[in-house]
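A.B. asks: Starting from these lines, generate the structure:
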Amino acid sequence: MDRGTVFATVGTTSFDELIEALLSDSFLQILHDKGYRKLVLQIGRGRIEPVAQETRCGVEISSYRLKPNIQDDLMAADLVISHAGAGSVLETLALNKRLLVVVNETLMGNHQTELAENFAGEGFLFWTTVKNLPHDFANIDWLKLKKYQPGRPDLFASYMDNFFGLS
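C.D. replies: Residues are numbered from 1 along each chain as shown. Okay, here's the model as predicted:
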């Protein structure tokens, strides 16, 4: 079954280890075997150069460094693989996309692991490390994910307006 597009994002920083893992022939073959035919990479500020377009292992690959907004890429994706940045995680979950978070273990004071563990513990996403990416991805049961229900900050704002007599 063709599942279409995988969008991978590292945000505005550098996470070359993840990009290298995603571009490895072994991972591309797993993507192909799972029915994915397109991989779009947002590669951030790393040392890896963007690829306009190429096909390897039956997967069409394209990449870019940064865009003002990745909303279109997220919406077009059947699956998102992301660094564990809070913004990327929340934006993806709000669109109810399948999400695999890859924690950057090289960061000092790694809050990313805590964020990923908490959301995974609630059943909203899966998470892994670069080292375990191929194995974990090959064995994920996406049917176990729960639908994320984003918060409603507008209700809190309305409550506060009423409380202070502003509405």
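A.B. asks: Measure how buried Val40 is and give me the count.
C.D. replies: Look at Val40: counted by other C-beta atoms under 10 Å, it has 18 neighbours. For glycine as for every other residue, the C-beta is placed from the backbone atoms N, C-alpha and C.
A.B. asks: before we move on, what about the one 4 residues further on?
C.D. replies: Burial of Gly44, expressed as a neighbour count using other C-beta under 10 Å, amounts to 20.
A.B. asks: Are we agreed that it is in a helix?
C.D. replies: No - counting by DSSP: H, G, I helix; E, B strand; the rest coil, Gly44 falls outside a helix, being coil.
A.B. asks: residue boundaries of the helices in the protein?
C.D. replies: 16-23, 25-33, 71-76, 86-94, 111-121, 133-138, 153-163 (DSSP state H).
A.B. asks: Redo these as CSV? Include mean neighbour count and mean pLDDT.
C.D. replies: Output for those, formatted as CSV (neighbours: other C-beta atoms under 10 Å; pLDDT from 0 to 100):
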stretch, mean neighbour count, mean pLDDT
helix 16-23, 20, 97
helix 25-33, 16, 97
helix 71-76, 14, 96
helix 86-94, 18, 91
helix 111-121, 16, 87
helix 133-138, 16, 97
helix 153-163, 10, 62
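A.B. asks: I'd like those helices as CSV, with distance to Ile61 appended.
C.D. replies: Converted to CSV, the helices of the chain look like this (distance: least, C-beta to C-beta, whole Å):
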stretch, distance to Ile61
helix 16-23, 7
helix 25-33, 8
helix 71-76, 14
helix 86-94, 20
helix 111-121, 25
helix 133-138, 16
helix 153-163, 37
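A.B. asks: Next, the contact list for the nearest residue to Thr9 once chain neighbours are set aside, please.
C.D. replies: Leaving aside its chain neighbours, Thr9 sits nearest to Gln42 (4.2 Å; criterion: C-beta to C-beta, 6 or more residues apart in numbering). For Gln42, the contact set (C-beta atoms under 8 Å, 6 or more residues apart in numbering) comprises Phe7, Ala8, Thr9, Val10, Gly11, Ser63, Tyr64, Arg65, Leu66, Lys67, Ile70, Asp73.
A.B. asks: Going by neighbour count, which of those residues comes out on top?
C.D. replies: Busiest of the contacts of Gln42 [other C-beta under 10 Å] is Val10, holding 27 neighbours.
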